[in-house]
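**Q** What would the 3D arrangement of this be:
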Amino acid sequence: MRTCDVCQKTLGVFNKFRYADGYICKECYKKASNHFAETIVKKNLSEIKALCEKYEETQTDEFKITGKIGNFLLIDEENQKICLPNNRMVKKEVALPEFYAIEDIEQCKIEVDPKQPIDELEHKAEKRQDGTVNYLKVKFWITGSKKLVEISLISNPARIKSYAFRQSLQFAKKIEQEIKRLTSYEETEGGSHEAI
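**A** The predicted model follows:
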């Protein structure tokens, strides 16, 4: 009986998936293909194993969704984490979800090009004024790794008066407000959260 080249699980007729060097099971295929989003046919065994390991490293059983903002941000207040789902519509490529501890997040802000105050931009959008923006992002920094994280809401030029821009701006404001709300709490001695 044939077994999976990665985990050695027995393969049946309908639960084996071909890659360059042989076959793997459905669970390993899910990991190597990023939830069935990428093809693995031309990948060799070492590449398949590396993808499975990378997938395992990014997974966490300690994430319970307590809040969500569109397809951009998942929140777990119970475990004090956030997740960027990185779906293809947002990221424009296949990428694994990213998890961050809320305590490691700092300096969240909305960035727009051309630069202008967000209140002014919102006023222009409400009044349906002409103009375009090249991109709209929410950026924040991760303390320990000194990593800059960006949530891109608009990555191509968009008209300020368009519905798509107005919606994206609202999502950006909600993301910024939520991250600032989450990071403005600090554990007190009694174990409850208190605003600072």
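**Q** quick one, longest helix in the chain?
**A** In the chain, with assignment by DSSP state H, the single longest helix is helix 163-183.
**Q** Enumerate the positions of that one that are buried.
**A** Buried residues in helix 163-183, defined by neighbour count with 16 or more other Cβ atoms under 10 Å: Phe165, Arg166, Ser168, Leu169, Phe171, Ala172, Ile175, Glu176, Glu178, Ile179, Leu182, Thr183. For every residue, glycine as well, the C-beta is placed using N, CA and C.
**Q** mind listing what the spatially most central residue of the chain touches?
**A** Taking Cα atoms, centre = their mean, the centroid of the chain lies closest to Leu84, which sits 2.1 Å from it. The contact partners of Leu84, by Cβ atoms under 8 Å, 6 or more residues apart in numbering, come to Phe72, Leu73, Leu74, Pro97, Glu98, Tyr100, Val149, Ile151.
**Q** The residues you listed into CSV, with extra columns for neighbour count and secondary structure?
**A** Converted to CSV, these look like this (neighbours: other Cβ atoms under 10 Å; DSSP: H, G, I helix; E, B strand; the rest coil):
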residue, neighbour count, secondary structure
Phe72, 20, coil
Leu73, 20, strand
Leu74, 19, strand
Pro97, 15, coil
Glu98, 14, strand
Tyr100, 20, strand
Val149, 17, strand
Ile151, 24, strand
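**Q** Angles on the backbone of the residue nearest to the centre of the chain, please.
**A** When read as degrees, to the nearest 10, the backbone of Leu84 gives phi -100, psi 110.
**Q** And Lys124, by the same measure?
**A** Backbone torsions of Lys124, given as degrees, to the nearest 10, read phi -60, psi -40.
**Q** Distance from the helix or strand hosting Asp119 to the middle of the chain?
**A** Using DSSP states H and E, the element containing Asp119 is helix 118-126. For helix 118-126, the separation from the chain centroid amounts to 27 Å (computed by Cα atoms, centre = their mean, to the nearest Å).
**Q** Go ahead and name everything in contact with that helix.
**A** So helix 118-126 is in contact with Ile110, Val112, Gly131, Val133, Ile160, Lys161, Phe165, Arg166, Leu169, Lys173, going by Cβ under 8 Å, 6+ apart.
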